[in-house]
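A.B. asks: Build the 3D model from these lines:
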Amino acid sequence: MASPSEVSIVIPAFNEADAIAGVVGDLRAEAEWHEILVVDDGSDDGTAAQAEAVGARVVRQPYNKGNGAAVKAGIRAATGSYLLIVDGDGQHKPSDAVRLVSRLGEYDLVVGARSAATQAGVVRRVGNALLNWLAGYLAERPIPDLTSGFRGARLSLLRELLFLLPNGFSTPTTTTLAFIKAGHSVLFEPIDARQRTGHSKIRLSSDGLKFLVIILRVITIYSPMRIFLPVAGGSFLVGAAYAAWTIATQMHIANSSVLLIMFGVVVFLVGLVSEQIAAQRFDARQ
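C.D. replies: Residues are numbered from 1 along each chain as shown. Just a heads-up that it's a prediction; the model follows:
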C-alpha cells in the first residue's frame, strides 16, 4: 500500500487562478505528500503565482499545449514512486485523494469513478455512458468511468506510456485502456465529484469524436481483433445472407454479395496480421 509520502501530485491547470490555491491548500492540509506539482499550461490569469504562494512546485509551459501535454510534463518532472493526477478546478475531494492513494501498490492504476449523479449535464452523462460501454466491450471488462481525470498510478508505468498519451483531453481514456490491455491491475474507486469552479473545457460535440478515435486507436495497438473481427464477421454474414436471398429469388449471386464477402475476408486477414504485429511488439519489450 502506498503512503502519501511516496506520491507526487500533478495538477494540470489552465486559467485556474480562482481555484488553484484552494486545491493545493486543501491537499496539503489532508496529508504529507512527497510533492505537489502544478503544471501551468500557459495561463494568463496568475495561476502560477497563486500556486506558488501556497507552496506548490510550478512547472511552466510557455504556451497552452493542452491538458494531456500538461500531464506529460508533470509525469516527466515528478520524483515520487507514485503519481496522482488531480484537476485544478476544485471538483475532487482531498479525502478521496488519500483514499485512492491507499489502494496504490495493490493496484497499478486507481481511477476515481464518478457517480452518474455528480457528472454535469444529461447529454454528457449519456455520452459518457456510451463511451464507457464501448470501451468496456473492447477492453473486455466493465469500465464505469472512462474519462475521469482523477487517478493515481505507478510512475514508472506511466512513463512507459508517454508515447501513447495525446496532448488534448484524452489522457484518461488512453491510460485506462492501455493499463487494462497491458495486463496491469486497475481499480475503479467510487467517488462523488464536487461542483467545479468555472466551466469545463471539454466540449462533447468536438471532443466526443476524439475520445472515440482514441479508444479505437489504443485497442488497435493492444488487441486489434477486438475491432477487426466484428467488422469482418458483420460484412461476411451480410454478404452471405444477401447471396442466399438472391440465389433463392433470382437464381444468381449479386456482385455486391461477393464484394461484401471478400471485404470481410480481407478485413479478417488484416486483423490477423495486426494481431501478430501487436504480439511481437510487446514480446520484444519484455
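
A.B. asks: now the helices for the stretch 101-250 of the chain?
C.D. replies: Under the criterion DSSP state H, counting those that start in this stretch, the stretch 101-250 of the chain contains helices at 122-139, 155-160, 171-181, 204-222, 225-250.

A.B. asks: Starting from the helix or strand hosting Leu37, tell me which strands it pairs with and how they run.
C.D. replies: According to DSSP states H and E, Leu37 maps onto strand 35-41. Using DSSP bridges, the strands paired with strand 35-41 are strand 7-13 (parallel), strand 57-61 (parallel).

A.B. asks: what's the closest of the ones you listed to Leu209?
C.D. replies: strand 7-13 (22.1 Å; Cβ to Cβ). Quick note: C-beta positions are derived from backbone N, CA and C, even for glycine.

A.B. asks: what sits up against the closest one?
C.D. replies: Applying Cβ atoms under 8 Å, 6 or more residues apart in numbering, the contact partners of strand 7-13 are 20, 23-24, 27, 33-41, 43, 47, 51, 56, 67, 70-71, 74-75, 78-88, 97, 101, 104, 152, 155.

A.B. asks: Nearest to Gln61, out of the helices of the stretch 101-250 of the chain?
C.D. replies: helix 171-181 (14.8 Å).

A.B. asks: Name the surrounding residues that touch that closest one.
C.D. replies: For helix 171-181, the external contacting residues (Cβ under 8 Å, 6+ apart) are 67-68, 71-72, 108-109, 111, 131, 135, 138-139, 141, 143, 146-149, 151, 153, 157-158, 161, 164-166, 186, 211, 214-215, 218-219, 221-223.

A.B. asks: element containing Ile277, please.
C.D. replies: Going by DSSP H and E, Ile277 is in helix 255-285.

A.B. asks: How confident is the prediction for the residue located most distally from the centre of the chain, by pLDDT?
C.D. replies: Each residue of the chain has a distance to the centre, and by Cα atoms, centre = their mean the biggest one is for Met251: 51.8 Å. At Met251, the model reports a pLDDT of 86.

A.B. asks: Give me the phi and psi for it.
C.D. replies: Dihedral pair for Met251: phi 60, psi 30, per degrees, to the nearest 10.

A.B. asks: list the contacts for the closest residue to Ala31 other than its chain neighbours?
C.D. replies: Spatial nearest neighbour of Ala31, excluding adjacent residues (Cβ to Cβ, 6 or more residues apart in numbering): Pro4 at 3.8 Å. Neighbour list for Pro4: 31-34, 98, 101 [criterion: Cβ under 8 Å, 6+ apart].

A.B. asks: Would you mind checking the residues you listed for buried ones?
C.D. replies: 31, 33-34, 98, 101 (16 or more other Cβ atoms under 10 Å).
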